[in-house]
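Asks: Give me a model of this one.
(chains A and B)
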Amino acid sequence: MRAIIGFQLDISLESSLKKASNSLKITNIDTEKKQQRIITEIEKESIRVDAVIIGSTVKDPISMVQRLHFIDKNISVIILCPPDTYHQMLDAIQFAPFLGEEVSCHSIENSGELIIKIENAVANTHRRRKYKDALARMNVQIPGQNSLQLQTARYVDRLLDSAPIGVILIDNNYKILAWNKKAESLFDKTERNALGISFLLFFSSKEQEQIKSSIAPKRSPNIPNKQTFQREIQKKVPQFLEVTATQLDNAQNSTLIIVEDITERKKAEEETKRSEERFRTLIEQSTDAIQLVSPEGTILYTSESIKNVLGYTSEELQGLGVVPFMHPDDLAYFNEKFNELLKIPGDQVTLQYRVKHKDGSWAWLETTGVNHLQTPNINALVGTFRNITERKKHEEELRYQKTLLETQREVAPEGVLVVSPDGKMVSYNTKFVNMWQFSNKLMMKGKDEQALQEATQQLKDPELFIKRVQEIYKSHKPNFTELRFKDGRVFDRYGAPLIGEDGTDYGYVWFFQDVTQRKRLERQKDEFISIASHELKTPVTSIKSFGQVLRLRFKKESNEKAVELLGKMDAQVDKLTNLIGDLLDVTKMDTGRVQYNNDYFDFDDLISELVEEMQRTTGKHSLLQKGKTNKKIYADRERIGQVLTNLISNAIKYSPHTDKIIVQSATEKGKVKVCVQDFGVGIPKEKLDKVFERFFRISGPGKETFPGLGLGLYISSEIIKRQSGRIWVESAVGKGSVFCFTLPIKAKDGQRNNLVEEDIKHA
Amino acid sequence: MGTMKSLDKSKKILVADDDPAIVESTMLILEEFGYQVDTTVDGATIYRIEKDFPDLLLLDIWMSGHDGREICKYLKKKELTKHIPIIMISASSDIAQSAKESGADDFIAKPYDMDFLLDKIAKYIGTAN
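Replies: Below is the predicted model of the structure:
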């Protein structure tokens, strides 16, 4: 039978409670006096009470409970209250100092559940009494009659329950003797259900072994033994428990077990570890390194990334001085900066210097040093390093390029001007300024417009100049122009766009060359040659005429010998005439000042005429004319004749041991073609492409040379080119050569009268 | 060749060149073939011809101080002289075009072959007689 005391219980409630449970012996105390007496009885332990129900009419239920609990018989108390004051009462219970015993509140409306509540209350009372008994058996001071002792015990009890760790006491058979509130939540088991069962039931078999071993009798008592378990609870989140078992040195051989939920701690640790890892990786992989240095210059710490910067490991540098690594030339500078940094805490300097790389080379470093001597936890100079060797190399290369460019620009015999894409003067040399007679003032920034104006005013045709420059800027192409000045000067101007590899437009570069002097000399030379050849031809003309008159007279006298000699003389005079002619022609061709008198003429007639004429000059060779074109072509008859004469006389000259020369003509694709073939010495293959060059001469098989200036084929090829034709040669050494050329039958537009005026006045 | 040389009948050619040797040698050739020859080494004298005009003028294109083409233009403009055939002579063969432009009837490059010269003359005035 459970003894239940009721204070001022409603009669009907009392009877219904009595009816509902046979195991409960309910004694209703109705007056305050009797109630006081009962409390005293309980205090004396003359009666044993399992639970107290305080009726709703009791004046001050809270102080009643406090009195009951002060005597601490671990009595569970239920306060009944009307529905309208139920929540108020709950709050009051919550805030009243009850020292941990079970005090609950019950709305009298729910009288049906009251029985269950009472039964729970009774069970709780018994559980607490059992726990106290266990403590007593373990020699734990049991609160006795002494109210101070009692109070202390209550506080301990309360403390254990409010502890954030599970506090469990087990006996040597692992049976649970004590189980605090935190243990309840950790293992999801109420104290009532946990007491008396084996603690091992909460663990897997593997974990059980661990627990057993940590509580093994051989272990020294009172020394905590830690075990950590990972448990999955119903939330499916891994839960980490740290179980610390301490064998107590008492008669019962009991073990105190502290269980701590370290899931959060683990998580935090994990997170810290991860972030540390991240940070370390970041530092180690960085291309920058961090170093802590003492004021004396000793390396205190270096980040692992120093390997990326200088090749060393951080351990290698630990404790060394920084000075031995310095480049001797940078040491003074470094020391100066270092000392400067030492002076003011928090100060910062950035410096560039060379240090020895592990591979032995000198590496350029850029360091930012910060004085952290006064900063707690650091108390050192902190330097961040970056290897800038590559950058330095590029800078050096850039400096070199710049110097090279500047020197080239200044040393160049030409005036150089670089303009930006919008036409502003970006760079120029002294020569340029002098050539254009610009004042220093004009070369100052922002005077571009004025400079351009001053430049154009000097020219003969300023408008044409502006027009051309605009066209050039648009076309983005290299170009060449001759600039003629009002004062007679002549500049050659070369221009090219500045286009980056990626297509960026950087503007334009101009070169100016004063060719006034050269032009004058060229003109003088041309004039000289013109006059010289004219002067040479004059006596030749009279020599030829006198010779012919003489020949005529000797012929009348039938002096055959004299006639023959004078004939030979005449041929030599013709050779001399041709040589003079060639000299003059070459001069004119070099300056592109040959005049072509184009007209329609019968091509076949010209060939026949020349073959006949050339036949007369050779007694040995026979010239064979083959083929016909039946075409009139539009060209300079005399010049084309000159080419044919040249080819035929070459054929004669270079075939001294054979006697046949074939002159073959034909038409093909709107062109006339003529080939002169000989069977003479031929031309070596490697020299074939040189035969049309100036001064080229072929030597025979025995190194014998042939007379001539080496100008004939050059002049011929120039003539054919100027007449829009093509000339070429096929040859084999010892077998002879074939020289061919083609000419268009129809005149091209604009080709009719390409007169060059200058030729006329020097003729 | 003519068998009967008559001064009155034979044709007269004026040879104008500033080089005396050319003048002399050309004269020898022409006289050899029966032509009557007048010569001058001074271009200015040609401008002054008022009578006894030659049948043909062999004119050097560049006589010191006088441009043969100017003389040619002058003569071809003048009513009394414009009928006279003018053959221009030059050391440069490139002159043909400008010779024609100044009104010359023909052009011969120096040095010239005797037969070539005679053919050209004959083309305009025929043989000496």
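Asks: Kindly provide the distance from the residue of chain B found nearest chain A to A:Ala163.
Replies: Nearest residue of chain B to chain A (C-beta to the nearest C-beta) works out as B:Ser25 at 3.4 Å. For every residue, glycine as well, the C-beta is placed using N, CA and C. B:Ser25 is 148 Å from A:Ala163, where distance means C-beta to C-beta, to the nearest Å.
Asks: neighbour-wise, which of the two wins?
Replies: B:Ser25 (24 against 15; other C-beta atoms under 10 Å in any protein chain shown).
Asks: Does A:Leu550 touch A:Leu566 like I think?
Replies: Yes: contact between A:Leu550 and A:Leu566 holds when scored by C-beta atoms under 8 Å: they sit 5.6 Å apart.
Asks: neighbour count winner among the two?
Replies: A:Leu566 (21 against 17).
Asks: my guess is that one contacts A:Arg551, does it?
Replies: Yes: at 3.9 Å, A:Leu566 counts as touching A:Arg551 under the criterion of C-beta under 8 Å.
Asks: Now for these two: what residues contact both?
Replies: The contact sets of A:Leu566 and A:Arg551 do not overlap (C-beta atoms under 8 Å, 6 or more residues apart in numbering or on different chains).
Asks: quick one: low-confidence ranges for chain A?
Replies: A:1, A:69-74, A:94-102, A:109-111, A:135-155, A:216-237, A:249-252, A:700-704, A:747-763 (pLDDT under 70).
Asks: how about stretch A:565-574: buried residues?
Replies: Across stretch A:565-574, burial judged by 16 or more other C-beta atoms under 10 Å in any protein chain shown covers A:566, A:569-570, A:573.
Asks: Between those residues, which sits nearest chain B?
Replies: Chain B lies nearest to A:Val573 out of the buried residues of stretch A:565-574, by C-beta to the nearest C-beta, at 6.9 Å.
Asks: Which strand or helix spans that closest one?
Replies: helix A:560-590 (DSSP states H and E).
Asks: Now the stretch 401-550 of chain A against chain B: closest residue?
Replies: A:Ser545 (3.4 Å).
Asks: Check whether that residue sits in a helix, strand or coil.
Replies: The three-state label given to A:Ser545 by DSSP: H, G, I helix; E, B strand; the rest coil is helix.
Asks: Identify the residue spatially nearest to A:Glu609, adjacent ones excluded.
Replies: Leaving aside its chain neighbours, A:Glu609 sits nearest to A:Gly641 (7.8 Å; criterion: C-beta to C-beta, 6 or more residues apart in numbering or on different chains).
Asks: ok, which residues in chain B are in contact with chain A?
Replies: When proximity is defined as C-beta under 8 Å from any C-beta of the partner chain, chain B approaches chain A at B:19, B:21-22, B:24-26, B:28-29, B:32, B:61-62, B:90-98, B:110-114.
Asks: among these, which ones are buried?
Replies: B:19, B:22, B:24-26, B:28-29, B:32, B:61-62, B:90-98, B:110-112, B:114.
Asks: Is it correct that A:Pro743 falls within a strand?
Replies: Quick fix: residue A:743 is Leu, not Pro. Yes: the assignment for A:Leu743 by three-state DSSP puts it in a strand.
Asks: ok, now how distant is the most centrally placed residue in chain B from B:Ile84?
Replies: Nearest to the mean C-alpha position of chain B, by C-alpha atoms, centre = their mean, lies B:Leu58 at 1.3 Å. Distance from B:Leu58 to B:Ile84, counting by C-beta to C-beta: 11 Å.
Asks: Which residues are in contact with each of those two?
Replies: Common contacts of B:Leu58 and B:Ile84 (C-beta under 8 Å, 6+ apart): none found.
Asks: What segments of the stretch 551-700 of chain A are helices?
Replies: A:560-590, A:603-617, A:637-653 (DSSP state H, counting those that start in this stretch).
Asks: Figure out which of these is closest to A:Asp261.
Replies: A:Asp261 lies closest, by C-beta to C-beta, to one member of the helices of the stretch 551-700 of chain A: helix A:560-590, at 105.1 Å.
Asks: ok, A:Pro295 touching A:Leu341?
Replies: No: the criterion here is C-beta under 8 Å, and A:Pro295 misses it with A:Leu341 at 9.5 Å.
Asks: Can you pull the residues that touch both of the two?
Replies: Looking at what touches both A:Pro295 and A:Leu341 (by C-beta under 8 Å, 6+ apart), the common residues are A:Leu381.
Asks: Between these two, point out the one with more neighbours.
Replies: The neighbour count for A:Pro295 versus A:Leu341, taken as other C-beta under 10 Å, is higher for A:Leu341 (21 against 14).
Asks: Helix, strand, or coil at whichever residue of the stretch 251-400 of chain A sits closest to chain B?
Replies: Closest approach between the stretch 251-400 of chain A and chain B, counting by C-beta to the nearest C-beta: A:Tyr400, at 55.4 Å. Put simply, A:Tyr400 is helix when judged by three-state DSSP.
Asks: Let me see the ranges of the strands in chain B.
Replies: B:12-16, B:36-40, B:56-60, B:62-63, B:66-67, B:86-90, B:106-109 (DSSP state E).
Asks: Nearest spatial neighbour of A:Asn440, chain-adjacent residues omitted?
Replies: Nearest to A:Asn440 is A:Val433, by C-beta to C-beta, 6+ apart, at 7.8 Å.
Asks: hey, C-alpha coordinates of whichever strand or helix holds the one you found in PDB?
Replies: Per DSSP H and E, A:Val433 falls inside helix A:430-435. Output of helix A:430-435 as PDB, limited to C-alpha atoms (Å, rounded to 0.1, in the frame of the first residue of the first chain):
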ATOM      1  CA  THR A 430      66.700  65.000 -83.800                       C
ATOM      2  CA  LYS A 431      67.300  64.400 -87.500                       C
ATOM      3  CA  PHE A 432      63.600  64.600 -88.100                       C
ATOM      4  CA  VAL A 433      63.300  67.900 -86.300                       C
ATOM      5  CA  ASN A 434      66.300  69.400 -88.200                       C
ATOM      6  CA  MET A 435      65.200  68.100 -91.600                       C
END
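Asks: what separates the most far-flung residue of chain A relative to its centre from B:Leu30, distance-wise?
Replies: Within chain A, the residue lying farthest from the chain centre (C-alpha atoms, centre = their mean) is A:Glu557, at 102.8 Å. As judged by C-beta to C-beta, A:Glu557 and B:Leu30 stand 20 Å apart.
Asks: now do A:Arg2
Replies: 177 Å.
Asks: For the two, indicate the residue with more neighbours.
Replies: Per other C-beta under 10 Å, whichever of A:Arg2 and B:Leu30 has more neighbours is B:Leu30, with 26 against 19.
Asks: quick one: contacts for the closest residue to that one other than its chain neighbours?
Replies: Nearest non-adjacent residue to B:Leu30, counting by C-beta to C-beta, 6+ apart: B:Val37, 4.9 Å away. By C-beta under 8 Å, 6+ apart, the residues touching B:Val37 are B:12-15, B:26-27, B:30-31.
Asks: where exactly do the strands run in the stretch 351-500 of chain A?
Replies: For the stretch 351-500 of chain A, applying DSSP state E, counting those that start in this stretch gives strands covering A:362-372, A:380-387, A:415-419, A:425-428, A:479-484, A:490-499.
Asks: hang on, A:Arg278 is in a helix, isn't it?
Replies: Yes: per three-state DSSP, A:Arg278 lies within a helix segment.
Asks: Touching, A:Gln352 and A:Glu366? I think so.
Replies: Yes: taking contacts as C-beta under 8 Å, A:Gln352 lies within contact range of A:Glu366: 5.1 Å.
Asks: Quickly list what's touching both of those two.
Replies: Common contacts of A:Gln352 and A:Glu366 (C-beta under 8 Å, 6+ apart): A:Ile388.
Asks: Nearest residue to A:Asn646 in space, please, no chain neighbours.
Replies: A:Gly712 (4.4 Å).
Asks: Look up how far A:Thr645 lies from the one you found.
Replies: Counting by C-beta to C-beta - A:Gly712 and A:Thr645 are separated by 9 Å.
Asks: A:Arg489 too?
Replies: For A:Arg489 relative to A:Thr645 (C-beta to C-beta), the value is 43 Å.
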